[in-house]
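> just coords:
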């Protein structure tokens with residue numbers, strides 16, 4: 001029988017608050033960016049490193065990548081939003097790892113999660129008009145975050161703190177992440193991003209609901 005591990009309820013509470021607050025903030029700044037991008041009279045047209053203003057026809061989720069919000073009229077909102085979200089999310093996966101008894105796979109999830117958050121900060125610092133670095137950090141974010149979620153979800157199947165619903169959702173997330181890697185289009189990027197947000201929300205809500213747990 002696996003030995004129980006003592007956990008600090010305050011740690012669980014902090015993890016839950018950070019996860020829910022970060023994802024709520026993310027939903028707000030992305031939604032705000034889409035709205036303000038759509039109502040702006042102008043949007044940028046990029047040709048290599050040159051920017052030309054052209055009349056804006058609105059933001060189209062099926063046809064435009066998320067990163068286009070970071071070079072449009074909402075660049076400041078979007079890019080600083082990514083940086084803040086990345087920074088706030090850094091402790092989340094290490095806390096999840098603690099709740100999963102710091103098993104080897106849980107530790108891997110923590111490492112992947114921290115790296116994914118740092119990559120997200122890089123996406124905010126280097127928008128689309130810095131193509132090489134932006135592409136590198138974007139790829140790193142989706143790859144590392146996907147790995148963090150799937151490794152954490154696998155550990156959840158063996159753990160007792162998180163429900164199987166959160167673990168099963170992680171499987172859906174990694175499938176979407178793989179589809180994004182194959183298709184590489186705006187719809188798959190939006191879908192994967194939304195699933196990332198839902199998974200972190202689910203894990204965060206679980207932590208809040210079980211914040212008084214003292215043993216796992």
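Right, received. Where do you want to start? The shown structure was predicted, so the numbers you read here are calculated from the model rather than taken from an experiment.

> By mean pLDDT, which helix or strand of the chain comes out lowest?
strand 42-47 (a mean of 65; mean pLDDT, DSSP states H and E).

> mind listing the strands for this protein?
42-47, 50-55 (DSSP state E).

> Distance from stretch 77-87 to the middle of the chain?
11 Å (CA atoms, centre = their mean, to the nearest Å).

> And stretch 57-67, by the same measure?
19 Å.

> got the buried residues for it?
By 16 or more other CB atoms under 10 Å, the buried positions in stretch 57-67 come out as 59, 64, 66, 67. Backbone N, C-alpha and C define where each C-beta goes, glycine included.

> Check stretch 151-164 too.
Those would be 151, 152, 153, 154, 155, 156, 159, 161, 162, for stretch 151-164 by 16+ other CB under 10 Å.

> from those residues, which ones fall inside helices?
151, 152, 153, 154, 155, 156 (DSSP state H).

> Just give the nearest non-adjacent residue to the second one, would you?
Translated: residue 152. residue 109 (3.8 Å; CB to CB, 6 or more residues apart in numbering).

> Same question for the fourth one.
Closest residue in space to residue 154, ignoring its immediate chain neighbours: residue 105 at 5.8 Å, by CB to CB, 6+ apart.

> ok, back up a step: quick check: the two most widely separated of the buried residues of stretch 151-164?
151 and 161 (15.5 Å; CB to CB).

> How far does the helix with the most length in the chain sit from its chain's centre?
For the chain, the longest helix by residue count, based on DSSP H, is helix 9-39. Centroid separation for helix 9-39 versus its chain: 10 Å, with CA atoms, centre = their mean.

> can you put the buried residues of stretch 151-164 in CSV and add distance to residue 213?
Converted to CSV, those look like this (distance: CB to CB, whole Å):
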residue, distance to residue 213
151, 22
152, 17
153, 19
154, 21
155, 16
156, 14
159, 12
161, 7
162, 11
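
> Nearest to residue 170, out of the ones in helices among the buried residues of stretch 151-164: which one, please.
residue 153 (2.5 Å).

> Can you give me the buried ones in stretch 198-207?
Quick answer for stretch 198-207 (16+ other CB under 10 Å): 199, 200, 201, 202, 203, 204, 206, 207.

> which ones are touching the fifth one?
The reference is to residue 203. 19, 92, 96, 152, 162, 166 (CB atoms under 8 Å, 6 or more residues apart in numbering).

> What pLDDT is listed against it?
Residue 203 is assigned 97 on the pLDDT scale.

> can you check residue 123 too?
At residue 123, the model reports a pLDDT of 98.

> One more: residue 74?
Taking residue 74 on its own, its pLDDT is 89.

> next one: residue 49
59.

> next one: residue 54
pLDDT at residue 54 comes out at 71.

> what's the neighbour count on it?
Residues lying near residue 54 (other CB atoms under 10 Å) number 9.

> partners of it in the sheet?
Listed by DSSP bridges, the beta-bridge partners for residue 54 are residue 43.

> I figured it hits residue 40, correct?
No - here residue 54 lies out of contact with residue 40, judged by CB atoms under 8 Å, at a distance of 11.4 Å.
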